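[1] just the structure for this:
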Amino acid sequence: MKNIVYIGNRKKSGTGLTVLFFILNVVAANSFYNTLNAQTTKGTVQPLQTIDSLLAVLKYVDEDTNKVNALNLLAWEQLNKAQYAEVEKNIKEALQLSEKLNFALGKAKALNNSALLIMNTGNIDDGIKQGLEALAICKKSGNKKQIANTCNTIGVLYRNSGNPEKSLEYHNEALKLRLEIGDKKGLAASYTSLGLLLHFHGKYAEALKHLYAGLKISEELGDKRACGNIYNNIALVYDVQENYSEALKFHTKALEIRTELGDKASIATSYSNIGTILSSMGNNEEALKNLFLSLELRKAINNVKGMASSYNNIAIVYKHLDKNKEALDNYSKALTLLEKIGEKDALATCYTTVAPLYLELKRPADAKRYLLKALAISLESENAYNVMFSFKGLAKTDSAAGDFKEAFKHYKLYILYKDSIVNEENTKKTVQMEMQYDFDKKSAADSIKNVETKKFEEIKHQQEISRQKTFTYGGIAGFLVMIIVAGISFIAFRNKKKANIEIQHQKELVEEKQKEILDSIYYARRIQRALITSEKYIYRNLNRLRK
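    Numbering: from 1, shown residues only. Below is the predicted model:
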């Protein structure tokens, strides 16, 4: 989905023409970065990392369909980085190899990339032709995802060329297919594309509804690049409604993300948009600093459309500073580039911004000529904002020329368009959309917090159960150990008791035997003593007889 860059010229001290310059940039391609190829990486992956990886792969891959896919993805990544010379080379090689291999889907993807490249560097009608050729091939293949991607590209191209009906037709077809196949990243791109289309036609509440839908999906997917683009587009809605503080807040958010990703084309867009907001707030010196930063980046990457945007915005600020010569010089550069690439809506806006300068230079005929050109283009493309400023410029030009009847008619038409664009109801709906988004985001955060709290409580509960189980099992184990110990002790006690009884019995037996032995000894001793006494008696008697 494509990113519009609003480049604004505001009323200074109650005077001057307030104009917004719509320039469509390649930043749009970023929003369907992840839907072009099945091999694409997540939005959180740095594009340069992907480019380096693909360059490494291409050194070793064979001349087959894998190489075509790698070349197409590399061209896509380089397109997001505004490396247009490398993009053109890789698209050419992918087309040649696809033809050689008869690889239809590879050719379709290469043509889709080519259409996006032409949109930023060449004539937009040529880009539409390339896109339609790619779509015809995709439809034959039946690849719904690639059909949706190509429809989205064609929708962007038609929007830039000033054909809103065709743009809506192709964006709706892309949305339908993405819903059917459940392509969330593609859905985010489609919602954003439709949001920008509604934004073109002054339906700001509906535009925000679609933009916030895309933002919600992109945040869920962690797609930083898409979030940066959508922040940019939300800022544009606030810019149109002259809520500059909110516009600056969202442009700053976009710049932070784009700086993190190192996307030069998108960084240039953010600097340009911040510059126009600062100019609208009366800080023209700071505005010029940002606008020149944007211009230098766009020159470095050869972003023709972006350069035209920067020249136009610088001219607006110079006009505010009453430096008419410098302003006219930058307007001329912007017009030359826009006429070259055929950006009709951007041309119309540039015409409305240059006309007041011609009026100040006392050249009312030139002023009216540019305003009528702007009105014709804007009515054809149904760009409500450019129609409004065309009528405002014509009212001032007619008044300066003394044609008060025409001036009054054009002024009434200007008021009619202004009331339809910037009104209280629109503003209320815009605020409601932001509040709803903030509420949804907070609710989601609260929901996540509640889930996390519940998970934490559940973990604590499970830990408590585990702890109780441990205590229970420990108690049971301890009790069993006690029983075992008691059993062992009882058995040991019983055995010991039995042993003691046995020992006592043995002791008694021993004592009894010992007593028997002693009794025998005593008896023998008595016998012996009795015998010994008799012998002595005999011996005495013998001795007496001998005498």
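[2] every contact and neighbour count from this point should use C-alpha atoms.
    Noted.
[3] could you pull out the strands for the stretch 51-200 of the chain?
    Remark: strands of the stretch 51-200 of the chain are absent; assignment by DSSP state E, counting those that start in this stretch.
[4] pLDDT below threshold where in it?
    The model of the stretch 51-200 of the chain has no residue with pLDDT under 70.
[5] which residue ranges of it form helices?
    Secondary structure of the stretch 51-200 of the chain by DSSP state H, counting those that start in this stretch: the helices cover 65-80, 84-101, 104-121, 124-141, 144-160, 164-181, 184-200.
[6] dump these into JSON lines; add mean neighbour count and distance to residue 345 as well.
    Supplementary listing: those in JSON lines, determined by neighbours: other Cα atoms under 10 Å; distance: least, Cα to Cα, whole Å:
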{"stretch": "helix 65-80", "mean neighbour count": "24", "distance to residue 345": "23"}
{"stretch": "helix 84-101", "mean neighbour count": "18", "distance to residue 345": "23"}
{"stretch": "helix 104-121", "mean neighbour count": "26", "distance to residue 345": "13"}
{"stretch": "helix 124-141", "mean neighbour count": "20", "distance to residue 345": "12"}
{"stretch": "helix 144-160", "mean neighbour count": "27", "distance to residue 345": "7"}
{"stretch": "helix 164-181", "mean neighbour count": "19", "distance to residue 345": "11"}
{"stretch": "helix 184-200", "mean neighbour count": "27", "distance to residue 345": "10"}
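[7] and for residue 468, the neighbour number?
    12 (other Cα atoms under 10 Å).
[8] quick check, it in a helix?
    Yes: counting by DSSP: H, G, I helix; E, B strand; the rest coil, residue 468 is part of a helix.
[9] which residues touch it?
    Listed by Cα atoms under 8 Å, 6 or more residues apart in numbering, residue 468 has no contact partners.
[10] so it versus residue 480, what's the distance?
    18 Å (Cα to Cα, to the nearest Å).
[11] give me the pLDDT value at the spatially most central residue of the chain.
    Central residue of the chain (Cα atoms, centre = their mean): residue 223, 1.6 Å from the mean position. pLDDT recorded at residue 223 is 94.
[12] next one: the one 3 residues further on
    If you check residue 226, the pLDDT there is 93.
[13] what's around residue 81, how many residues?
    23.
[14] which non-adjacent residue is nearest it?
    residue 263 (5.5 Å; Cα to Cα, 6 or more residues apart in numbering).
[15] same check, this time on residue 417
    Excluding the flanking residues, the one nearest residue 417 by Cα to Cα, 6+ apart is residue 388, at 5.4 Å.
[16] from residue 151, how far out is the residue nearest to the centre of the chain?
    21 Å.
[17] now residue 462
    According to Cα to Cα, residue 462 and residue 151 sit 52 Å apart.
[18] surely residue 297 is in contact with residue 268?
    Yes: here residue 297 reaches residue 268: they are 5.9 Å apart, a contact under Cα atoms under 8 Å.
[19] who's more crowded, these two?
    Set side by side, residue 297 and residue 268 show more neighbours around residue 268, with 27 against 20, by other Cα under 10 Å.
[20] follow-up on the earlier one: so how far is the one helix or strand the residue nearest to residue 417 maps to from its chain's centroid?
    Counting by DSSP states H and E, the element that carries residue 388 is helix 384-400. Remark: helix 384-400 is offset 40 Å from the chain centroid, using Cα atoms, centre = their mean, to the nearest Å.
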